[in-house]
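In: Quick one, fold the following:
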Amino acid sequence: MSTKSKLLELLESQKGTYLSGEELARQLQVSRAAVWKAVKTLRQEGYQIQAATNRGYALKQENDILSREAVRCFLEHQEAEVQVFQKISSTSRVMKQLAVEKQLPHGSLVAANSQTEGRGRKGRKFYSPESSGLYLSVLLYPKKTLRQSLEITAAAAVAVCRAVEGCCGVSLGIKWVNDLYLQEKKVCGILTEAVTDFETGEIEFAVVGIGLNLYEPKEGFPEEIRRKAGAILERGVRTDRNRLAACIVNELLKEAEKPGISPEYRQRNIVPGRQIKVFGNQECRVVRAEKILEDGRLLVTNGQGERELLDFADVSLEI
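Out: The predicted model follows:
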């Protein structure tokens, strides 16, 4: 790890607290001049580092640059590998590649400030503009079969809800199967992709991709998603994205270990009791959502008054 990275890790771990140049040099085992050089480089990268005579250096509390060092400060599983990018094609694409090439540990993550090729279900694009959201993918080695993959998505939905409540003070609802909503607007998408053993049907590894709209983009959402896309926070309301990313991972690792669909997933769901549109087989139909079963399937009543069970489908709340 470079002197710059070690310094950033120290400053992040004690954000808002002044650390003397002498103390920093001692802990980093470098000269005071090397400390100053690292501080200068970090400032050039946008980090708000204050300097005061006879007090030293402090990273300002409102500093919100996504970084590997800051995320690691909040992770409960320190053995996990963390990679952070300011811009990337797709966090899930990179994570899948790393999982195959480097066999990263359980709970490893790739996070980014923006994505150029963010993806949702069925190859749909996920709008991932700079400095408006949090985009991350987490690597899991779940002891589950492909048929149980919905459990992973449900665990991720619950994990994000808990993390957002803890870090942002905002309560979200879950839209079956894999979206999170705030006031009838989609603010988060979750996509779980798994590599399985063909013979056993067991999942070798899964990558959970999560895209959060923290703020509305300065230029607004694109016309095609403007009616349904929303943001968790108003511009000017600050949150620590590094802490939020780590909290999502911490909660996901706890939730993913549990068998079945969490009762919390069903309790937080905003679909039961509503008329919804179901898309499939090149058709769209309106049904009434009754309830989510313990295995995650959705019980609906169709236009003929008949009950059906949906394993997985595209649904819309807009009637």
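In: Residue 84: helix or strand, and which one exactly?
Out: strand 82-85 (DSSP states H and E).
In: Phi first, then psi, for the spatially closest residue to residue 48 that is not a sequence neighbour.
Out: Nearest non-adjacent residue to residue 48, counting by CB to CB, 6 or more residues apart in numbering: residue 60, 4.1 Å away. C-beta coordinates here come from the backbone N, C-alpha and C atoms, glycine included. Torsion angles at residue 60 (phi, psi; degrees, to the nearest 10) stand at phi -60, psi 140.
In: Could you double-check that residue 60 lies in contact with residue 46?
Out: No. Judged on CB atoms under 8 Å, residue 60 makes no contact with residue 46 at a distance of 11.5 Å.
In: between those two, which one's more packed in?
Out: residue 60 (13 against 10; other CB atoms under 10 Å).
In: how about the helices of the stretch 201-319 of the chain, start to end?
Out: 241-256, 263-268 (DSSP state H, counting those that start in this stretch).
In: Return the most buried member of these.
Out: helix 241-256 (a mean of 23; mean count of other CB atoms under 10 Å).
In: buried ones in stretch 303-314?
Out: 310, 312, 313 (16 or more other CB atoms under 10 Å).
In: ok, now stretch 214-233?
Out: In stretch 214-233, counting by 16+ other CB under 10 Å, buried: 214, 215, 216, 217, 221, 229, 230, 231, 232, 233.
In: In TSV: those residues, plus distance to residue 105.
Out: Listed next are the buried residues of stretch 214-233 as TSV, based on distance: CB to CB, whole Å:
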residue	distance to residue 105
214	27
215	32
216	36
217	34
221	36
229	34
230	34
231	33
232	29
233	32
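In: The residue nearest the centre of the chain pairs with what?
Out: Centroid-nearest residue in the chain: residue 210, 4.0 Å away (criterion: CA atoms, centre = their mean). Residue 210 forms beta bridges with residue 136, residue 190, as assigned by DSSP bridges.
In: low-scoring stretches of the stretch 151-300 of the chain, by residue?
Out: Residue ranges of the stretch 151-300 of the chain with pLDDT under 70: none are present.
In: the strands in it, which residues?
Out: For the stretch 151-300 of the chain, applying DSSP state E, counting those that start in this stretch gives strands covering 173-175, 179-182, 185-196, 203-213, 275-280, 283-292, 298-301.
In: Next: the stretch 1-150 of the chain.
Out: 49-52, 56-59, 82-85, 109-112, 133-140.
In: Report all helices and strands that the fourth one contacts.
Out: The reference is to strand 109-112. Contacts defined by 3 or more CB pairs under 8 Å, 6 or more residues apart in numbering; DSSP states H and E place strand 109-112 against strand 82-85, helix 91-102, strand 133-140, helix 241-256.
In: Kindly export the last one (C-alpha atoms) in PDB.
Out: Going back to what we said before, that points to helix 241-256. What follows is helix 241-256, C-alpha atoms only, in PDB (Å, rounded to 0.1, in the frame of the first residue of the first chain):
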ATOM      1  CA  ARG A 241     -21.400   7.000   0.700                       C
ATOM      2  CA  ASN A 242     -18.300   5.100   2.000                       C
ATOM      3  CA  ARG A 243     -20.200   4.200   5.200                       C
ATOM      4  CA  LEU A 244     -23.300   3.400   3.200                       C
ATOM      5  CA  ALA A 245     -21.500   1.100   0.800                       C
ATOM      6  CA  ALA A 246     -19.900  -0.800   3.700                       C
ATOM      7  CA  CYS A 247     -23.200  -1.000   5.600                       C
ATOM      8  CA  ILE A 248     -24.900  -2.500   2.600                       C
ATOM      9  CA  VAL A 249     -22.200  -5.200   2.400                       C
ATOM     10  CA  ASN A 250     -22.300  -5.900   6.200                       C
ATOM     11  CA  GLU A 251     -26.100  -6.300   6.200                       C
ATOM     12  CA  LEU A 252     -26.000  -8.400   3.000                       C
ATOM     13  CA  LEU A 253     -23.500 -10.900   4.400                       C
ATOM     14  CA  LYS A 254     -25.600 -11.300   7.500                       C
ATOM     15  CA  GLU A 255     -28.900 -11.700   5.600                       C
ATOM     16  CA  ALA A 256     -27.600 -14.000   2.900                       C
END
